[in-house]
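Q: What shape does this take:
(one chain, ligands or ions: 1)
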Amino acid sequence: MTLSNKKPFIAGNWKMFKTIPEALELVKEILLAVEETSSSEIVVIPPYTALSRIQDLIRDSAIKLGAQNIFWEEEGAFTGEIAPTMLKDAGCDYVVIGHSERRQYFGETNATVNKKIQSALKHKILPIMCIGESLEERETGKTIEKVKKQINEGLEGINPEEVEKIIIAYEPLWAIGTGLTASPEQAQEIHSYIRSKLTEKYGNKTGSCAIILYGGSVKPANAFSLLKEKDINGALIGGAALKSESFIEIAKEAIKAYEEK
Ligand code: PEP
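A: Alright, predicted model coming up:
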């Protein structure tokens, strides 16, 4: 699969929410709006238990499936982990790697993020690598330093063609699940930095084609102004992705913003 930032990329991370029946209900509602949202790339990222059931429903549609995590080994005695082949088997095209909740509660580091990215790429699963600063880092002027380190270490040893298959989600920790959103200007500043960093490291093509998502309390009311920014190519959505109305509304706002860019 080749990635393009010519249309907005809208991904819903359902985190640890939704039983199987609830998940199927939500995806059926999203499917009803598939034509209205067809000018965007829609990805649903449910809990593992619902992956293959959802894949059965979306198989012939434009909606794509993602997972919330991955392990780097092929198989073995790793209780509780999930192998790349298992995600592939369940129909996943995408996987979130290094979400701030995994870094914060489950000890993920830039080094483990790097191993997971390499493993996903090997299995042709497109990584969505999450990066972002804490409130303290922002307030002490360390945002760029943090993001730079996450990019350098997370992408260590990955060549430009492979980097083109990686989506980056900038998610300031202070904006995740808090109701606080980075202003469009604040988000654009970091997105522009990320793109320039990718250009510097991997060349013009990789930088200009990169899909850079914003995440952190995205909702219908702020999606348009965020997505209208030059370097914001889409959104990684948590809370507002749990209801079809708000998720679909965000996709529509993103499409409008892209038309006006
Ligand atoms: C997320 O989980 O990646 C996220 C951005 O959550 P929320 O939209 O709820 O802030």
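Q: okay, CA-based contacts and neighbour counts for the rest of this
A: Fine.
Q: could you say what helices and strands the helix or strand where residue 95 lies packs with?
A: If you go by DSSP states H and E, residue 95 is part of strand 94-97. Counting contacts by 3 or more CA pairs under 8 Å, 6 or more residues apart in numbering; DSSP states H and E, strand 94-97 packs against strand 64-67, helix 110-122, strand 126-131.
Q: rerun at 10 Å
A: Packing contacts for strand 94-97, counted by 3 or more CA pairs under 10 Å, 6 or more residues apart in numbering; DSSP states H and E, involve strand 9-13, strand 41-45, strand 64-67, helix 84-89, helix 110-122, strand 126-131, strand 167-170.
Q: roughly how far apart are residue 114 and residue 129?
A: For residue 114, the distance to residue 129 equals 9 Å [CA to CA, to the nearest Å].
Q: Equivalent analysis for residue 51, please.
A: Distance, residue 51 to residue 129, using CA to CA: 20 Å.
Q: number of nearby residues for residue 243?
A: 15 (other CA atoms under 10 Å).
Q: got a list of what it touches?
A: The contact partners of residue 243, taken as CA atoms under 10 Å, 6 or more residues apart in numbering, are 12, 14, 26-27, 29-30.
Q: Go again with 8 Å.
A: Neighbouring residues of residue 243 by CA atoms under 8 Å, 6 or more residues apart in numbering: residue 26.
Q: tell me the pLDDT at residue 122?
A: Per-residue confidence (pLDDT) for residue 122: 98.
Q: just checking, next helix/strand downstream of the helix of greatest length in the chain?
A: Longest helix of the chain, by residue count under DSSP state H: helix 184-202. Sequence order places helix 204-209 as the next helix or strand after helix 184-202, per DSSP H and E.
Q: What helices and strands are in contact with that following helix?
A: Short answer (3+ CA pairs under 8 Å, 6+ apart): helix 204-209 packs on helix 160-163, helix 184-202.
Q: Dump these to a markdown table, plus mean neighbour count and mean pLDDT.
A: Listed next are the helices and strands packed on helix 204-209 as a markdown table, based on neighbours: other CA atoms under 10 Å; pLDDT from 0 to 100:
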| stretch | mean neighbour count | mean pLDDT |
| --- | --- | --- |
| helix 160-163 | 16 | 95 |
| helix 184-202 | 18 | 98 |
